[in-house]
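Everything below, folded, please.
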Amino acid sequence: MIKKFLLSPKTVISLICAVGLSCIVGSTIPQLTEKPPKFFEAWKANSPKIYYVIDIFQLNQVYTSIWFLVLLALITLSLIFSLYHQQLKVLIKSRGPVKRDITKSSFKDYITIELAHSSESGFEGLSDRIQRIFKDRGYRPYMASEESGYFIFGKNRIGKWGGVIFHVGLLVVIAAALYSLAFQKRGFIQMIQTDTFQGKDKDWTVKRLGVLAGNFNLDFQVHLNSFIPAYWDNDLIKDMESSLTIIDDKGENKEFSLSLRNPVNFNGTKIYQSTHYGYSLGFILEREGQNPVITNFLLDAPGKKDKPFIGKNDFPTTDYILDMKFYPNMIEPSFYATLPGVDLTVMENGEKRFKGRVLFTQRAWLGKDSLTFAQIHYWTGVTFVKNYGMPLVYTGFALSTLGVFLIFMLFCKEIHLKVVEDGDHIRLYMGGQARKFKALFSEEFKEIAKRIEKVL
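Residues are numbered from 1 along each chain as shown. Coordinates of the predicted model:
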């Protein structure tokens, strides 16, 4: 029953369509691994009902959702049954050449050749010359029965296995993807320049784990030495480059350059440069009778350099809310902090405590309290991915490529030939078949027939 269901064309087509539709959903609906946390917080606040539906059905994490893994598992089982019952068993049963009647109805390419009988070399000499002609064309004899005068010549018999090898490779890719998605660990962290990420499971800004994956703890620490964005003339981002120092579990330091085009691979973990970045503004709050407190606020980069970096956050452990518009250069539009300043509005319990422009290192007075614009650093997003099935994926692609090569470049050809003595004449019946490029094979078949007629 299960075999019949999985091999049903309706089932196969339905599964393929379902996976295709899932990929469309995953490309249309923003995924948790592609957008910063603020995006989803704003979405949830603006459209709570829509977000609830999307979140409960895991449409914002399609590729690690349970239902997508179930789809892949069903496709894997269907492919296994198809590979074994419809391809492998058939090939094993037909390992040897099958003798057939050489007629027009049996072969698409068919011809008869009539020759004058010659007793100089006899039938054995005729057989040798026929085999030599086929050998010159790259064919080898699969069967040569001189008693009955029946021959089968073949070329690229290994090509019959091309379809099996291709589907085995496809099966390996899907199985590896299934395994990888089930155990994949993906974490996103927002790092301020000069920060060190300890690599602990609880410290991720966003974390997405496979259904069967455990905690995501790195066996190393990462220090962000510097971050440099580069822009095109139209203000679009050209590249981003981060300098990282990775401290392994032995305390040894290694420096790496991370960019959009060049991820870093360390201890089986792939590190990617995120496209999310901006400036981190550090403010020192000084209150009477208390120790100064410094807090960093992360502002996302705008799309144009004439636009400010905007952010609104509360100052932790206080009732102050800071509304910020940061300009890297107060004189002319720029992405680079050459003459930085911020238009700052500070509210406390609904009352405005300060509104004005504060340049870098300047202080804003909030009654008895003061707020100093003390630090400016870049921040950037960094994504860490641990995939366990990638070597298998590469193996699967290699097998599929080999299968395609065998199917299209070494496709199997067979020519059946029967020699019949009829008094003072010899009649040759020849039929051929090929799995691919049948028009080309027909031309080759005719050339071989002409060669046989000329030589014999």
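
Which strands or helices does the longest helix seen in the chain pack on?
As assigned by DSSP state H, the longest helix anywhere in the chain is helix 162-183. If you count contacts as 3 or more C-beta pairs under 8 Å, 6 or more residues apart in numbering; DSSP states H and E, helix 162-183 packs onto helix 66-81, helix 390-409. Placement of C-beta: from N, CA and C, glycine included.

Going toward the C-terminus from it, what's the next helix or strand?
Heading C-terminal from helix 162-183, the first helix or strand you meet, by DSSP states H and E, is strand 185-192.

can you give me the strands in the stretch 1-150 of the chain?
109-116, 140-145, 150-155 (DSSP state E, counting those that start in this stretch).

In TSV: these, plus mean pLDDT.
Below are those laid out as TSV (pLDDT from 0 to 100):
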stretch	mean pLDDT
strand 109-116	87
strand 140-145	85
strand 150-155	91
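
Can you check which of those strands gets nearest to T103?
Nearest to T103 among those is strand 109-116; the distance by C-beta to C-beta comes to 7.1 Å.

got the buried residues for the closest one?
Of the residues in strand 109-116, D109, Y110, I111, I113 count as buried by neighbour count, 16 or more other C-beta atoms under 10 Å.

repeat for stretch 364-373
Those buried within stretch 364-373 under the rule 16+ other C-beta under 10 Å are A364, L366, D369, S370, L371, T372, F373.

Likewise for stretch 208-216?
R208, L209, G210, A213, F216.

ok, back up a step: as a markdown table, the helices and strands packed on helix 162-183 with distance to L32 and mean pLDDT would be great.
Below are the helices and strands packed on helix 162-183 laid out as a markdown table (distance: least, C-beta to C-beta, whole Å; pLDDT from 0 to 100):
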| stretch | distance to L32 | mean pLDDT |
| --- | --- | --- |
| helix 66-81 | 14 | 88 |
| helix 390-409 | 21 | 88 |
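
ok, the buried residues of stretch 364-373 vs H167, which is closest?
Closest to H167, out of all of the buried residues of stretch 364-373 and judged by C-beta to C-beta, is F373, at 63.3 Å.

Could I get the full set of strands for the stretch 351-456 of the chain?
351-359, 363-366, 369-386, 413-422, 425-434.

I'd like these as TSV, with distance to H85 and mean pLDDT appended.
Output for those, formatted as TSV (distance: least, C-beta to C-beta, whole Å; pLDDT from 0 to 100):
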stretch	distance to H85	mean pLDDT
strand 351-359	74	95
strand 363-366	76	94
strand 369-386	36	95
strand 413-422	24	89
strand 425-434	24	90
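
These: which one's closest to D55?
Of these, the one closest to D55 (C-beta to C-beta) turns out to be strand 369-386, at 20.8 Å.

same for the closest one, what does it pack against?
Going by 3+ C-beta pairs under 8 Å, 6+ apart, strand 369-386 lies up against strand 185-192, strand 220-231, strand 237-248, strand 269-286, strand 293-300, strand 341-348, strand 351-359, strand 363-366.

Just checking: what are the partner strands of whichever strand or helix holds K254?
Using DSSP H and E, K254 maps to strand 253-259. Here strand 253-259 has these sheet partners by DSSP bridges: strand 237-248 (antiparallel).

Now render the strands of the stretch 351-456 of the chain as JSON lines, adding distance to L298.
As requested, the strands of the stretch 351-456 of the chain are exported to JSON lines (distance: least, C-beta to C-beta, whole Å):
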{"stretch": "strand 351-359", "distance to L298": "18"}
{"stretch": "strand 363-366", "distance to L298": "20"}
{"stretch": "strand 369-386", "distance to L298": "5"}
{"stretch": "strand 413-422", "distance to L298": "66"}
{"stretch": "strand 425-434", "distance to L298": "64"}
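
who wins for proximity to Q273 among these?
Within those, the stretch nearest Q273 is strand 369-386; the backing value is 6.8 Å (C-beta to C-beta).

Counting by contacts, list what the one helix or strand I321 maps to packs against.
Per DSSP H and E, I321 falls inside strand 320-327. Using 3+ C-beta pairs under 8 Å, 6+ apart, the elements in contact with strand 320-327 are strand 269-286, strand 293-300, strand 309-314, strand 341-348.
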